[in-house]
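# When you get a sec, could you give me coordinates for this:
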Amino acid sequence: MMIKSKLFTLIALCITLTALGQEKIGNKMYMYGSIDGVIMGKTLVNYAFEDPKGATKTVKTFKGIGVDASNWTSVFMPGVQFTEEEINTTLNERGIETIINIKHKGTSQSQTSVSSFGGNSMFTNSVSVVGNVDLDFEVYSISNGFSKPMAVINCNANNSGGVAGSQRSVTRKIVNRVVNKIAKLK
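Numbers count the residues shown, from 1 in each chain. Okay, the predicted model is just below:
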């Protein structure tokens, strides 16, 4: 009985500390840590998807709120392996003070049937529809040598476009929400 009581207390403590460690900063948006004084100077945005168009739009969105942002792939060519020393030297040479690493945590998808009519017959196709996308925005700073994130913003959004919605459109929705919130918090 004593072990169960101690276990319950430990679990309750962990849940409480986790809840206190996060701050709800918007609709389906939570921040761990703080971005106060972190996003400064030259900033590299690592849009970790194979979507150059999405990466370009994301960097433009950050620039739109006054962040001196560049795309990670404009500094570190995709497909090329860099040592930690090479990365640190390049960051130092270019005067990079902040890195924003956008990580994909998950996407839910569902199957739906779409019917179309042609002539006197009906065709039914099964298509995969993006339901929800979950991203983490990790904010690193030169102040701690980029060793660990100073803040992590977790955000997810639902696809409101139905069959026409895509992972890119839901990801853009999240990026816009987070960047707007960063602008308000800065």
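# Past the strand or helix carrying residue 134, which element shows up next along the chain?
Using DSSP states H and E, residue 134 sits in strand 121-141. Proceeding N to C from strand 121-141, the next assigned helix or strand is strand 151-158, under DSSP H and E.
# Which strands or helices does whichever helix or strand comes after that next one pack on?
Of the helices and strands lying after strand 151-158 in sequence (DSSP H and E), the nearest is helix 167-185. For helix 167-185, the elements it packs on are strand 22-26, strand 29-33, helix 52-63, strand 96-118, strand 121-141, strand 151-158, judged by 3 or more CB pairs under 8 Å, 6 or more residues apart in numbering; DSSP states H and E. Heads up, the C-betas are built off the backbone N, CA and C, glycines and all.
# Would you mind writing the CA trace of helix 167-185 as PDB?
As requested, the backbone C-alpha atoms of helix 167-185 are provided in PDB (Å, rounded to 0.1, in the frame of the first residue of the first chain):
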ATOM      1  CA  GLN A 167       0.300  18.600 -45.600                       C
ATOM      2  CA  ARG A 168       2.000  21.700 -47.000                       C
ATOM      3  CA  SER A 169      -1.200  23.800 -46.500                       C
ATOM      4  CA  VAL A 170      -1.600  22.600 -42.900                       C
ATOM      5  CA  THR A 171       2.100  23.200 -42.200                       C
ATOM      6  CA  ARG A 172       1.800  26.700 -43.600                       C
ATOM      7  CA  LYS A 173      -1.100  27.300 -41.300                       C
ATOM      8  CA  ILE A 174       1.000  26.300 -38.300                       C
ATOM      9  CA  VAL A 175       4.000  28.300 -39.500                       C
ATOM     10  CA  ASN A 176       1.900  31.400 -39.800                       C
ATOM     11  CA  ARG A 177       0.300  30.900 -36.300                       C
ATOM     12  CA  VAL A 178       3.700  30.500 -34.700                       C
ATOM     13  CA  VAL A 179       5.400  33.400 -36.500                       C
ATOM     14  CA  ASN A 180       2.500  35.700 -35.600                       C
ATOM     15  CA  LYS A 181       2.700  34.600 -32.000                       C
ATOM     16  CA  ILE A 182       6.500  35.100 -31.900                       C
ATOM     17  CA  ALA A 183       6.000  38.600 -33.300                       C
ATOM     18  CA  LYS A 184       3.600  39.300 -30.400                       C
ATOM     19  CA  LEU A 185       6.000  37.800 -27.800                       C
END
